[in-house]
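Novice: my questions concern the predicted model and sequence given below.
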Amino acid sequence: MKVCFYGNTGHATTALAARNKLPGVQYTACCPSYPGENLNKLHTTAKKLGITLLQYSCLDEMLDAEKPDILVVDNRFAERYPVETKALLAGIHVYADKPIATNLSDLFDLYKTVRETGKHLWAMHTTRYELHFYTVRQLILNGAIGKVRMVNCQKSYRLGTRPDFFKKRETYGGTILWVSIHAIDMIRMVTGKECLSVYSTQSSADNFGNGEMEIIATSTLELEDNILATISTDYYRPANAHSHDDDRLRVVGTEGIIEAARRDGEHEVRLINASNNGFTPIKQLQPPMIFEDFVHTIEGRISGIFSMRETFLNAYTAIRAQESADKREVIRISHPVNFSFD
């Protein structure tokens, strides 16, 4: 399979990270997704792996010349839908950063295009493939805490210096759609249930000159089966913190509680149930890499960790959560959408 890159605003290098796991994949070319975009990080990462990417000036030129099997879409967050659609209609599988769409009209049209073309579209929900969160998922699937009743998620990032497109909603899309969507994925991952109502709040005050970008956001979700969940998101992690992120997941069940959080710098998983007192960290399990799993799924080797259905349901829930914050009202979802790819 031949892989090309369109932009590098987020997690495009996760495709390169799987190089040694995918001997049949060729990484060949890239192009900027907006005028003046700096692709140095992408080129540097590729060169460290012995890969030289040919850089084109625009997407159409690259697609015509390279004819890739997979396009890695990593452009400005609110501009992904037309590029994803173009690639799918050209018979190209798409590995896109999230959100794959920022409004319901585009999302449903994208779903229609995927169904009609038969091509794969995955969002870069990288948290599912982090050892600690994957371990939590597997323990819950194995019944470690009984029936899930409540989930609490935290997403805290260093702000650093963000690109100018973060400053405008028309190109950024919203903090809930860019950051909180990871927590939405975690909630859906550990519960297997869909959102019935959501109430979100957000604020761009004291955002260090980043225009319209929301620097904090919260969401409260009611899920099927009477499960409750909360999300806290911020860009206030201090610059001198030992890591870029401080992501936390706490899941309460009828027979125990499990947590994934940073302790002494690194993420640990702690479990309290009839057999564990929570003092000793749980040995973490090793999942495949996300892009490795994507390629294997295209080839028909399905792990069940992630899917196109998860991609679309995460986007749908995040769009409704962002809508709640923008309208300052509870959004009720009487009938969860069934994105089917059978």
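Specialist: That came through fine.

Novice: tell me the centre residue of this protein?
Specialist: The structure's the chain has its C-alpha centroid closest to His125; by C-alpha atoms, centre = their mean the separation is 2.9 Å.

Novice: not counting its neighbours along the chain, what's nearest it?
Specialist: Spatially, and ignoring its direct neighbours in sequence, His125 is nearest to Asp185 (4.7 Å; C-beta to C-beta, 6 or more residues apart in numbering). In short, each C-beta sits where N, CA and C put it, glycine included.

Novice: quick one: the helices in the stretch 1-150 of the chain, in order.
Specialist: With helices called from DSSP state H, counting those that start in this stretch, the stretch 1-150 of the chain shows them at 13-17, 40-48, 59-66, 80-89, 104-117, 131-141.

Novice: using CSV, lay out those helices together with mean pLDDT, distance to Tyr172 and mean neighbour count.
Specialist: Shown next, in CSV, are these (pLDDT from 0 to 100; distance: least, C-beta to C-beta, whole Å; neighbours: other C-beta atoms under 10 Å):
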stretch, mean pLDDT, distance to Tyr172, mean neighbour count
helix 13-17, 97, 21, 21
helix 40-48, 97, 19, 14
helix 59-66, 98, 21, 16
helix 80-89, 98, 12, 20
helix 104-117, 97, 16, 17
helix 131-141, 97, 25, 20
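
Novice: strands along the stretch 51-200 of the chain, start to end?
Specialist: For the stretch 51-200 of the chain, the strands defined by DSSP state E, counting those that start in this stretch occupy 54-55, 70-73, 93-96, 121-123, 148-158, 195-203.

Novice: take the ones you listed and write them to JSON lines, including mean pLDDT.
Specialist: Shown next, in JSON lines, are the strands of the stretch 51-200 of the chain (pLDDT from 0 to 100):
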{"stretch": "strand 54-55", "mean pLDDT": "98"}
{"stretch": "strand 70-73", "mean pLDDT": "98"}
{"stretch": "strand 93-96", "mean pLDDT": "98"}
{"stretch": "strand 121-123", "mean pLDDT": "98"}
{"stretch": "strand 148-158", "mean pLDDT": "97"}
{"stretch": "strand 195-203", "mean pLDDT": "97"}
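
Novice: returning to that earlier point: nearest to Ser307, out of the helices of the stretch 1-150 of the chain?
Specialist: Ser307 lies closest to helix 104-117 among the helices of the stretch 1-150 of the chain, at 11.7 Å (C-beta to C-beta).

Novice: follow-up on the earlier one: turn the helices of the stretch 1-150 of the chain into a markdown table, including distance to Tyr316.
Specialist: Shown next, in a markdown table, are those (distance: least, C-beta to C-beta, whole Å):
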| stretch | distance to Tyr316 |
| --- | --- |
| helix 13-17 | 23 |
| helix 40-48 | 30 |
| helix 59-66 | 26 |
| helix 80-89 | 14 |
| helix 104-117 | 6 |
| helix 131-141 | 21 |
